[in-house]
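*Asks:* Sequence first, then the predicted structure, then my questions.
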Amino acid sequence: MLSKTAAELSRALADGELSSEELTREYLDRIKSRNETLNAYITVTEDDALDAAREADHLRAKGQAGALTGIPLAHKDIFCTKGVLTTCGSRMLENFIAPYDAAVVERFNAAGAVMLGKTNMDEFAMGSSNETSYYGAVANPWDTDRVPGGSSGGSAAAVAADLCAMATGTDTGGSIRQPAAFCGVTGIKPTYGRVSRWGMIAFASSLDQAGPICKSAEDAALMLNVMAGDDARDSTNQQLDAEDFTASLNDSLEGLRIGVPKEHFAQGLSASVQTNLQEAYRVFEKLGATLVDIELPHNGLSVPSYYVIAPAEASANLSRYDGVRYGYRCDAPKNLEDMYMRSRSEGFGEEVKRRIMVGTYALSAGYYDAYYKKAQRIRRLIKQDFDSAFEKVDVIIGPTSPHTAFRRGEKNNDPVTMYLEDIYTIAVNLAGLPGMSIPAGFSDGLPTGMQIIGRDLAEARILNVAHQYQLHTDWHKQRPEV
Ligand code: GLN
């Protein structure tokens, strides 16, 4: 039962095969037996989950259940949850009980979904392996010596190992898509501004987007139906009318033009990821799609420009953690300056400090034009690359990550190698476009991912493409034995 998709569980609940309370207990039991190995959850909210499940059963009995009512989910610990510890993977927030719910959390609560707890993540969402979390690394359910990817590694591992039916993630440079690829699950980063960032702890505000991590494209559509929507509390929210992302899942792919980005097949892509992608392209051709070679000439500049823009924004966003209002405060400060300095030195981990230093430097007088302004210009060129490509194609399909999940400890001493993990995903954030990762095969027992990129606000289209692929393949149905 626990390996079913949310859509399947929803039908089982509707048919009265089981109650949400029973289902929730099953997930809680599985968390108890598996989380010690995986470390996917930082907090499990058992009592609240059971209360919410009973409430969901009650709603269902009254005929008021929606598609996700009673479905157990986990929230990345970057989302504020009222009355529940919200750490963002940092020591800085080890005692922070959020006084309100993030917009995304409110929306799932209103839909009657059942929160099981909060998932582990890289500290302040900075990382690609989940090794920067103050609460310890997360293990990849396919091979527990390997990383689940990051920064939403806890969510991806929890979905892959059936420790929840679905989970939320956030993606600033690849943090939904890369862990989805490493853990063999489905994830989508929506168009920038599609989902409210209110109550989602800020990393790089012009790039951050929340999105679903789940077991199928159909589930992603159901989750996005709940998550997306206008919110005046987030000034960058696009204020769009509600859209049903499931409506076009079954559209035919006849005539679909798929862009194959030359730059994504350059040096560095592992042979197995490439072979699996070639097979996926054949599946799409059989479904009536045609392949078109495209170029994204500035893709190689995406990582360097991101590592100016994201740290610059992070350095501003993280200035609020000063030991005064909330979060970690050092012991026995000598004076105000000592308190600021030691609270921040002790509360933040190494990677977060590195980003604050880089960002502060890039924004400082004299360097602003050389770094920040130049990075913003590159960002514009990257967007223009996509605009030209989308004159010729409907979607772009390529790899999510150059390889499968790597071993813990393999890359965390070399920041630049770690930064290059996101070589195929970061441009999508810089351009604000929707991007998705779905399972596309295996290599030596580890899942490989495929990335589907769409035009602005074309989530429904990429979900349709992913769903059709999943109807004709079963990579997304494979589950690890934990
Ligand atoms: N790996 C990238 C980083 O470390 C992206 C992280 C993210 O998307 N939150 O910044």
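*Replies:* Now that the structure is in, tell me what you want to look at.

*Asks:* For the ligand, what is the nearest residue in the stretch 301-450 of the chain?
*Replies:* The minimum distance from the stretch 301-450 of the chain to the ligand, using CB to the nearest ligand atom, falls at D422 (4.9 Å). Any C-beta I mention is one placed from the backbone N, CA and C, and that applies to glycine too.

*Asks:* any idea how far that residue lies from N464?
*Replies:* 26 Å (CB to CB, to the nearest Å).

*Asks:* about what we covered before: if I look at the residue of the stretch 301-450 of the chain closest to the ligand, how far off is A204?
*Replies:* 13 Å.

*Asks:* again, but for E26
*Replies:* From E26 to A204 the distance is 38 Å (CB to CB).

*Asks:* do Q468 as well
*Replies:* Q468 is 33 Å from A204, by CB to CB.

*Asks:* Check which helix or strand I258 maps to.
*Replies:* Here I258, judged by DSSP states H and E, is contained in strand 257-261.

*Asks:* and I188, what are its phi and psi?
*Replies:* phi -130, psi 130 (degrees, to the nearest 10).

*Asks:* Touching, it and R461? I think so.
*Replies:* No. Between I188 and R461 there is no contact under CB atoms under 8 Å: 11.7 Å.

*Asks:* Which one's more surrounded, these two?
*Replies:* I188 (33 against 18; other CB atoms under 10 Å).

*Asks:* okay, now the residue lying closest to the more buried one once chain neighbours are set aside: neighbour count?
*Replies:* Nearest residue to I188 in three dimensions, chain neighbours excluded: M436, at 4.2 Å (CB to CB, 6 or more residues apart in numbering). By the criterion of other CB under 10 Å, M436 has 31 neighbours.

*Asks:* which SS state does M436 fall under?
*Replies:* strand (DSSP: H, G, I helix; E, B strand; the rest coil).

*Asks:* what does the chain have sitting close to the ligand?
*Replies:* Residues of the chain found near the ligand (CB under 6 Å from any ligand atom) are 125-128, 151, 171-175, 203, 310, 422.

*Asks:* Contacts only, for L240.
*Replies:* 194, 228-230, 457 (CB atoms under 8 Å, 6 or more residues apart in numbering).

*Asks:* For ChimeraX, write the selection for the buried entries among those.
*Replies:* Burial among the contacts of L240 is assessed by 16 or more other CB atoms under 10 Å; the matching ChimeraX selection reads:
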select :194,228,229,457
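
*Asks:* can the contacts of L240 go into CSV with extra columns for pLDDT, distance to S315 and secondary structure?
*Replies:* Listed next are the contacts of L240 as CSV, based on pLDDT from 0 to 100; distance: CB to CB, whole Å; DSSP: H, G, I helix; E, B strand; the rest coil:
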residue, pLDDT, distance to S315, secondary structure
R194, 98, 26, coil
A228, 98, 30, strand
G229, 94, 30, coil
D230, 95, 30, coil
L457, 98, 30, coil
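
*Asks:* Next, format the contacts of L240 as a markdown table and append distance to T81.
*Replies:* Shown next, in a markdown table, are the contacts of L240 (distance: CB to CB, whole Å):
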| residue | distance to T81 |
| --- | --- |
| R194 | 21 |
| A228 | 20 |
| G229 | 19 |
| D230 | 22 |
| L457 | 28 |
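
*Asks:* re earlier: can you tell me which of the residues of the chain next to the ligand lies nearest to A137?
*Replies:* A137 has its nearest neighbour among the residues of the chain next to the ligand in G127, at 10.1 Å by CB to CB.

*Asks:* ok, the residue of the stretch 301-450 of the chain closest to the ligand - how many residues close by?
*Replies:* 27.

*Asks:* In space, what's closest to it - neighbours in sequence excluded?
*Replies:* Nearest to D422 is G174, by CB to CB, 6+ apart, at 3.9 Å.

*Asks:* Then H75?
*Replies:* T168 (4.9 Å).

*Asks:* Next, the one you found: phi, psi?
*Replies:* phi -100, psi 150.

*Asks:* ok, back up a step: check contacts around the residue nearest to D422.
*Replies:* 128, 400-401, 421-422, 424-426, 429.

*Asks:* Looking at those residues, spot the one nearest E36.
*Replies:* Nearest to E36 among the contacts of G174 is S128, at 24.2 Å by CB to CB.

*Asks:* Could you find the closest non-adjacent residue to that closest one?
*Replies:* Of all residues not flanking S128 in the chain, E421 sits nearest, at 3.9 Å (CB to CB, 6+ apart).

*Asks:* That neighbour and K373: what is the separation?
*Replies:* 26 Å.

*Asks:* Between those two, which has more neighbouring residues?
*Replies:* E421 (25 against 12).

*Asks:* Run the chain-centre distance for stretch 377-397.
*Replies:* Put simply, stretch 377-397 sits 22 Å off its chain's centre (CA atoms, centre = their mean, to the nearest Å).

*Asks:* how long is stretch 259-277 end to end?
*Replies:* Length of stretch 259-277, first residue to last, CA to CA, to the nearest Å: 13 Å.

*Asks:* Identify the residues contacting it?
*Replies:* So stretch 259-277 is contacted by 281, 291-297, 299-300, 389-390, 392-393, 395-399, 401-404, 420, 423-424, 440-444, 448-450 (CB under 8 Å, 6+ apart).

*Asks:* Give the buried residues for it.
*Replies:* Under 16+ other CB under 10 Å, the buried positions of stretch 259-277 are 259-261, 263-265, 269, 272-273, 276-277.

*Asks:* quick one on the thing from earlier: could you report the separation of the residue nearest to D422 from T191?
*Replies:* Counting by CB to CB, the gap from G174 to T191 is 16 Å.

*Asks:* Verify the stated contact: G327 with R344.
*Replies:* No. Contact criterion CB under 8 Å: G327 and R344 do not qualify, at 9.8 Å.

*Asks:* hang on, the earlier thing: who are the contact partners of the residue nearest to S128?
*Replies:* 128-129, 174, 178, 401-402, 411 are the contacts of E421 under CB under 8 Å, 6+ apart.

*Asks:* Including secondary structure, could those residues go into CSV?
*Replies:* What follows is the contacts of E421, written out as CSV (three-state DSSP):
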residue, secondary structure
S128, coil
S129, coil
G174, coil
Q178, helix
S401, coil
P402, coil
K411, coil
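
*Asks:* which among these gets closest to T5?
*Replies:* Nearest to T5 among the contacts of E421 is Q178, at 21.7 Å by CB to CB.

*Asks:* Spit out the contact partners of the closest one.
*Replies:* Q178 neighbours (CB under 8 Å, 6+ apart): 128, 149-150, 400-401, 421-422, 425, 437, 449.

*Asks:* Using the three-state scheme, assign Q239.
*Replies:* What three-state DSSP gives for Q239 is coil.

*Asks:* Go ahead and confirm it touches G229.
*Replies:* No. Counting by CB under 8 Å, Q239 sits too far from G229 to count as a contact (9.1 Å).

*Asks:* just the strands in this structure please.
*Replies:* 41-44, 72-76, 114-119, 166-171, 186-189, 209-214, 257-261, 290-294, 395-399, 435-443, 446-453 (DSSP state E).

*Asks:* No more questions from me, cheers.
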